[in-house]
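Novice: please work out how this folds:
(chains A and B)
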Amino acid sequence: MAKITLTPTKTPTLRLEAENICPDSFAGKSNEEIANLHVFVGKESQALGDYFEIAGESGSTAAETTIVINGDVNRVKYIGMKMSAGEVIINGDADMYVGAWMSGGKINANGSVDAFSGLGMTGGELIIKGDAGNYLGAAYRGDWRGMQGGTIRVSGNAGSDVGTFMRGGTIIIGGNVDVHVGTHMEGGTIIVKGDAKSRVGGQMVKGDIYVFGDIEVMMPGFQYRKDVDSEVDGTTGSFALYEGDIGERHGKSKGETIYGKLYMKH
Amino acid sequence: MTDYIIRNGFVYDPVLGINGDIMDVAVRDGKIVDAGDVTKATEIDASGMTVMAAAVDIHAHVAGPKVNVGRNFRPEDKLFNCNVGSGVKRMEAGFSVPTTIRTGYLYARMGFGFSMEAAMPPLYARHTHEEIVDTPIIDQGALPVFGNNWFVLEYIKENEVENTAAYIAWLLAQTKGYGVKCVNPGGTESWGWGMNCETVDDVVPYFDVTPRQIVDGLIAANEMLGLPHCMHVHGNSLGEPGNYGVTLDTLKIAEGHKPNNEFGRESVLHHTHLQFHCYGGESYASKSFESKSKEVMDYVNSTDNITFDLGVVTLDETTTMTADGPFEFHLSHMNSLKWANTDVELETGSGIVPFIYNPKTFIAGAQWAVGLELGLLVKDPMKAYVTTDAPNAGPLMRYPRVYKWLMSAKAREDMLNNVLKYGDSIRARCYIGELDREISLYELAMMTRAGPAKTLGLGHMFGSLKAGLEGDVAVYPYNPESDTDDPEKIEYAFGNCATLIKGGELIIKEGEVVSNGRQKRTFWVNAKTNENPVVERDISEKFKRYYTVTQNNYTVEGHHYMPNPYVIEVDATK
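Specialist: Numbering: from 1, shown residues only, chains lettered A, B, ... in the order given. Here you go, the predicted structure:
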């Protein structure tokens, strides 16, 4: 696998919109061509090479390309957007939309990422060692198609609105989450290993949410059904199963109404 | 002003009976003139290309509060769908609910010169006109909606056609409207009471009138005034399986009405997006649903005072928006997506729901078939106009794709065999498989130019290359002799005109927008009627009692809302 390294050389005055930092854009290009790829600074189009020193080389396909970013890119948005294969390693913090709409490959963010990361993603892995911002794995503004596949794993905490309109895939949060988890969720799994604040599973139609810690304020639309034993991401334990959101529409399967499932660890 | 002469194109003009002859077309001082009359003109080479008068759209939702709510509540419609501005071109964005700028550019690229906004809520006429002003290049007008208006319901209940006509004339002048639109007659008002009008004889609660009376009364009032356009109706039970009987009942109301106007219009009833109204069966399932396009067209073909537009489903993700509030409510419960709704005081209502016409479902494919069947079954193409009820059945930018399907049996076969998942059941439940007609360029010019211009009462300005008409000419990169091998060439050419001259001004040069148009006009109709103290008193009373605005804040003042009006005067005092 070919490795190409980007080292930030200057801090952009405005946020840099760099959807070209992506194995699909780099594949088969020389370093000179990569340096000439555009980035947007406000409404102006500039060159990637104006902001990064580029070393190493990229592979002939996205799958054979690993991009390593050495340094803080907390003012650089859209890293790994729409990537389909390959790998991106971010050794530092990144701005919003990391791995948004990604369909394959792997992003290792060794720092924290800001809001809208993993937005609408359909496949691949997004591993975040630090914290994640708001709207992790959610849907784009107005859209009803949130995360549909793949895995997001956050070691730290996540912000609010995790998995809004989520339809598939798995989100695992090692720490705590802010309000609104799995709002309008219609599939997939969210696992919160720490505490959640409130509005967990609001307007949830289908899917699973696990909370290992406490939920500060429970939604009124969830009803306790029974206790179940299960293994969740390597942890075995007893969970209280709640179903909801009672106020939402729900489909039927084999004559039974299918609710969203909220599991609280005992 | 520069003169232009467009040389050696294949010219199609059904008004003049020109069918693909190689000719020159000339424009001087903004008008079409005989090619021999220009001397120092800029030459445009159209050899090997198709030349027509600019197209006329009789029905599209492209400006106004519904469209804007669609834009606001669908930011995802603009996601990855944005062109930055360059040169004179301004930034454009959006797919099913494009920005005003993109709307203007889309129309220009498709070679249009005029578009009629299909439903203007009178109370929000100011907003509609502000958007029209912001839409570059094309001339536009807007049809205020009357079919659920309290004044109209009350006058028609008492058979007061004269008062209905006086009110229509007053409202057109207040809102700077062009004609009479009627959406789900009586049904939207009924919905305010939790009900709907599903047939033409369902009674509107409280007002005690039926859709049949409303349509009949509005036609009578329209002809009493002698307006350029006829009554423009979206019938009851849109989109419901088995609705074709209601449609035939609605169309038959035109029997006995005669056109009365000085504009050459022959129709007294224009039924819009007829595709949505030609369904048989009892559900959307392939076991039950069937096309009734032939039954409806058999009737339409036997009449001489009805016109319609197709409303072809283009199998896209789009945004539905209509003044048919109860229908949108129904739709939102079918697809569980977001829904916006408004009740417009005494006048109308509306709803908006995103919708995906999925080619992998039977029903979307069947709807696609029904729309095309109407265009293929019509005997006289001067009666049938190509629309997608944009954006309801499909986005505006899909018009050229609809032309392709109408003009090429091969393109339709390809859809049935390779794109639609249920092609075979669609052949079985619809007529599409039996129809091998291919609309010619001459017929297309009728269905997109001469026909709609005539029915809008604008045949004296648009739809032909006759000397004296507006200098609106489109040149398409389509060679009718050598480009017939691949239907994709039709779609490409009609979406990317090589030259557009609008009002004598060069807008598209060699396929590029080179001007945002300097003389965009808003058309409205000023019908003079005799003084009518009853109607005047009723208006003043209703504003005091019910409206949330005063009459002074209702009127569309010309100077701000329409800097460049074009008034069509009608004298109905006799």
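Novice: so which residue is smack in the middle of chain A?
Specialist: Taking CA atoms, centre = their mean, the centroid of chain A lies closest to residue A:118, which sits 3.0 Å from it.
Novice: surely that one touches residue A:134?
Specialist: No - in this structure, residue A:118 is not within contact of residue A:134 by CB atoms under 8 Å, at 11.9 Å. Heads up, the C-betas are built off the backbone N, CA and C, glycines and all.
Novice: all helices of the stretch 301-450 of chain B, in order?
Specialist: Along the stretch 301-450 of chain B, the segments classed as helices by DSSP state H, counting those that start in this stretch run B:325-335, B:362-377, B:399-407, B:409-414, B:423-429, B:441-445.
Novice: pipe those helices into a markdown table and attach mean pLDDT per row.
Specialist: Formatted as a markdown table, the helices of the stretch 301-450 of chain B follow (pLDDT from 0 to 100):
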| stretch | mean pLDDT |
| --- | --- |
| helix B:325-335 | 93 |
| helix B:362-377 | 98 |
| helix B:399-407 | 98 |
| helix B:409-414 | 98 |
| helix B:423-429 | 98 |
| helix B:441-445 | 98 |
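Novice: interface residues of chain B facing chain A?
Specialist: B:73-77, B:79, B:84, B:336-338 (CB under 8 Å from any CB of the partner chain).
Novice: what is the burial count for residue 233?
Specialist: Picked chain A for this. 13 (other CB atoms under 10 Å in any protein chain shown).
Novice: could you do chain B instead?
Specialist: So residue B:233, with other CB under 10 Å, has 28 neighbours.
Novice: so it bridges to which residues?
Specialist: residue B:182, residue B:271 (DSSP bridges).
Novice: per-residue pLDDT, it?
Specialist: Confidence at residue B:233, expressed as pLDDT, is 98.
Novice: same check on the one 3 residues further on?
Specialist: Per-residue confidence at residue B:236 stands at 97 (pLDDT).
Novice: from chain A, how far off is it?
Specialist: 28 Å (CB to the nearest CB, to the nearest Å).
Novice: hmm, that residue is touching residue B:204, no?
Specialist: No - with contact defined as CB under 8 Å, residue B:236 does not reach residue B:204; the gap is 11.1 Å.
Novice: residue B:363 contacts residue B:287, correct?
Specialist: No - Residue B:363 is beyond contact range of residue B:287, at 11.8 Å (criterion: CB under 8 Å).
Novice: same drill for those two, tell me which one is more crowded.
Specialist: Using other CB under 10 Å as the criterion, residue B:363 and residue B:287 rank with residue B:363 on top: 20 against 11.
Novice: host element of the nearest residue in space to that one that is not next to it in sequence?
Specialist: By the measure of CB to CB, 6 or more residues apart in numbering or on different chains, the closest residue to residue B:363 outside its immediate chain neighbours is residue B:284, 4.2 Å from it. Assigned by DSSP states H and E, residue B:284 belongs to no helix or strand.
Novice: show the contacting residues for residue B:284.
Specialist: Counting by CB atoms under 8 Å, 6 or more residues apart in numbering or on different chains, residue B:284 makes contact with B:241, B:362-363.
Novice: any idea which element the nearest residue to residue B:550 once chain neighbours are set aside lies in?
Specialist: Among residues not flanking residue B:550 along the chain, residue B:543 sits closest, at 6.2 Å (CB to CB, 6+ apart). Using DSSP H and E, residue B:543 falls within helix B:533-545.
Novice: remind me what that helix packs against, helices and strands.
Specialist: Other helices and strands packing on helix B:533-545, by 3 or more CB pairs under 8 Å, 6 or more residues apart in numbering or on different chains; DSSP states H and E, are helix B:150-157, helix B:161-175.
Novice: and the shortest one, what's its mean pLDDT?
Specialist: Taken as a whole, helix B:150-157 has an average pLDDT of 98.
Novice: so residue B:331 sits against residue B:355, correct?
Specialist: Yes - here residue B:331 reaches residue B:355: they are 6.7 Å apart, a contact under CB under 8 Å.
Novice: get me the contact residues on the stretch 1-150 of chain A for chain B.
Specialist: A:43, A:140-144.
Novice: and these, which are buried?
Specialist: Buried subset of the residues of the stretch 1-150 of chain A next to chain B (neighbour count, 16 or more other CB atoms under 10 Å in any protein chain shown): A:140, A:143-144.
Novice: could you dump those to JSON lines with distance to residue A:209, pLDDT and secondary structure?
Specialist: Shown next, in JSON lines, are these (distance: CB to CB, whole Å; pLDDT from 0 to 100; DSSP: H, G, I helix; E, B strand; the rest coil):
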{"residue": "A:140", "distance to residue A:209": "22", "pLDDT": "97", "secondary structure": "coil"}
{"residue": "A:143", "distance to residue A:209": "21", "pLDDT": "97", "secondary structure": "coil"}
{"residue": "A:144", "distance to residue A:209": "18", "pLDDT": "96", "secondary structure": "coil"}
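Novice: show me where the stretch 151-266 of chain A has strands.
Specialist: A:151-154, A:170-173, A:186-192, A:196-198, A:206-211, A:215-217, A:223-232, A:235-244, A:252-253, A:256-257, A:260-265 (DSSP state E, counting those that start in this stretch).
Novice: quick one: contacts of the fourth one?
Specialist: What that stands for is strand A:196-198. For strand A:196-198, with CB under 8 Å, 6+ apart as the criterion, the contacting residues are A:176-179, A:181, A:211, A:213-219.
Novice: by neighbours, which of those residues wins?
Specialist: residue A:181 (32 neighbours).
Novice: and the closest residue to that residue other than its chain neighbours, what does it touch?
Specialist: Nearest residue to residue A:181 in three dimensions, chain neighbours excluded: residue A:200, at 4.5 Å (CB to CB, 6+ apart). Contact analysis of residue A:200 by CB under 8 Å, 6+ apart lists A:181-182, A:209, A:211, A:215, A:218-219, A:262.
Novice: distance of residue A:200 relative to chain B?
Specialist: 21 Å.
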